[in-house]
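Student: Sequence first, then the predicted structure, then my questions.
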Protein chains: 2
Amino acid sequence: MSLTNQSIGRVAEQFNVSPYTLRYYEKIGLLPPVSKDSGGRRVYSQRDIERLHFIKRAQRMHFSLKEIGELISLDKAQLVEKPQVQELVIEKLNDIEESLKDLKLLQNELTAMLSACLSSNEDDQCPIIEGIKETD
Amino acid sequence: MSLTNQSIGRVAEQFNVSPYTLRYYEKIGLLPPVSKDSGGRRVYSQRDIERLHFIKRAQRMHFSLKEIGELISLDKAQLVEKPQVQELVIEKLNDIEESLKDLKLLQNELTAMLSACLSSNEDDQCPIIEGIKETD
DNA sequence: TGTTGACTTAGAGTGTACTCTAAGCGCTAT
DNA sequence: ATAGCGCTTAGAGTACACTCTAAGTCAACA
C-alpha cells in the first residue's frame, strides 16, 4: 500500500526516476506545484502520486510528455473532449501499426544477414555490412 | 541510373534530406571530406553516394549515427571484425524483439480503450483516460 | 550588367527529456 | 557540536539529429 505524503526521494525511488525528473515535470507543468512542508521541502500527496502513475503509464504507451499534458487537460475538460482523445489515440495506433510493420521487416532482414554471417567462411567479407550496402 | 559528381542540392533531393544534413554528416565524420570543384563547392562522387545509401539504409534499420559510424569502421577493418558486427546486430535484434512485444501489447490496450470509448454513452467519462489511469 | 539562386563557412539554435552544478539550509546520527 | 545527507533554487549542460543564421562567393540567365 502506497504511503501518502512522501518526500521527493521516496517518490523518485518508487517510480524509478530521479528527483531531478520530478522537479522537471513540475517545472514544465506536467505535475501541479507540489505542496511544501514547513522547511520548504516537497511533500507528494496521493493525488500527485496518481498523476505520476498516469504520466508513467502514458509514457510506456509512447505518448510524449507534450501529448501527456494534452491528455491531462482533456481529462480536466472531461465530457466535451472525448473526440480529441480518440483522435490522439487513433494517431498513436497508426504510429504503432507502422512501427510494427517496419520492425518485422527489419527483423527478417537482420536475422537473414546474421545467419549468413554466422555461416560464412572466416575469410569472407562480412555479409552483414555487404547486406546493408545492397538492401533496398 | 544515378549520375555521378552531383551538387549538394541534387544529392540532398535524391536522398530526401537537406543540404544541412549532408554537411552535418561530413562534419561528424560519417562522410569523408567530399571533394570540391574549382569554386569550392562540394562534388559528390559515386563512392560518397554509396556511403550515403549505406547510412540511410542503416538508419532505416534503427541504427544510430554513432552505430553507423562503428559499422563503417568495422567495414574498413574487414575480416577481423566480424564478431563485433555480429554483436551489434544481435543487440539490435534484441531491441527489436522487445519493441515488438511492447508495441503489440500496447496496440491491444489502446484498441480496447478506443472501442470502449467509441461505444460509451455520450455523457460518461472518457474510458481512455480512465484506462490510462488504471492500467498496470 | 545586374540580379537571382545555389552554394560556402563557422558557429548558434531547436526540440525532447532529462541531468547536473553551485550555493545554501536544516534534520539526524555520532 | 559537527559531519553528512537529503533537500532547496536558478540556471547551465547533455545527447541526439538535425536546422538555421550571417556574411560572403560564384555562375548563369535576362
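Tutor: Now that the structure is in, tell me what you want to look at.
Student: Please, which helix or strand holds the closest residue in space to residue A:112 that isn't next to it in sequence?
Tutor: Excluding the flanking residues, the one nearest residue A:112 by Cβ to Cβ, 6 or more residues apart in numbering or on different chains is residue A:131, at 7.6 Å. C-beta: built from backbone N, CA, C; applies to glycine. Using DSSP states H and E, residue A:131 sits in helix A:127-134.
Student: For that helix, which outside residues touch it?
Tutor: For helix A:127-134, contacts defined as Cβ atoms under 8 Å, 6 or more residues apart in numbering or on different chains pick out A:109, A:112-114, A:116-117, A:120, B:50, B:53-54, B:57-58, B:61, B:71, B:74-75, B:85-86, B:89.
Student: Mark which of the residues you listed are part of helices, please.
Tutor: When DSSP state H defines the helices, the subset of the contacts of helix A:127-134 inside them is A:109, A:112-114, A:116-117, B:50, B:53-54, B:57-58, B:71, B:74-75, B:85-86, B:89.
Student: Please pick the buried ones from the contacts of helix A:127-134.
Tutor: A:109, A:113-114, A:117, B:53-54, B:57-58, B:61, B:71, B:74-75, B:85-86, B:89 (16 or more other Cβ atoms under 10 Å in any protein chain shown).
Student: Out of these, which is nearest to residue A:33?
Tutor: residue B:61 (44.1 Å; Cβ to Cβ).
Student: ok now do the closest one, which residues does it touch?
Tutor: Neighbours of residue B:61 in contact, by Cβ under 8 Å, 6+ apart: A:106, A:109, A:110, A:132, B:92.
Student: wait, what's in contact with the first one?
Tutor: Taking Cβ under 8 Å, 6+ apart as the contact definition, residue A:106 lies against B:60, B:61, B:62, B:96.
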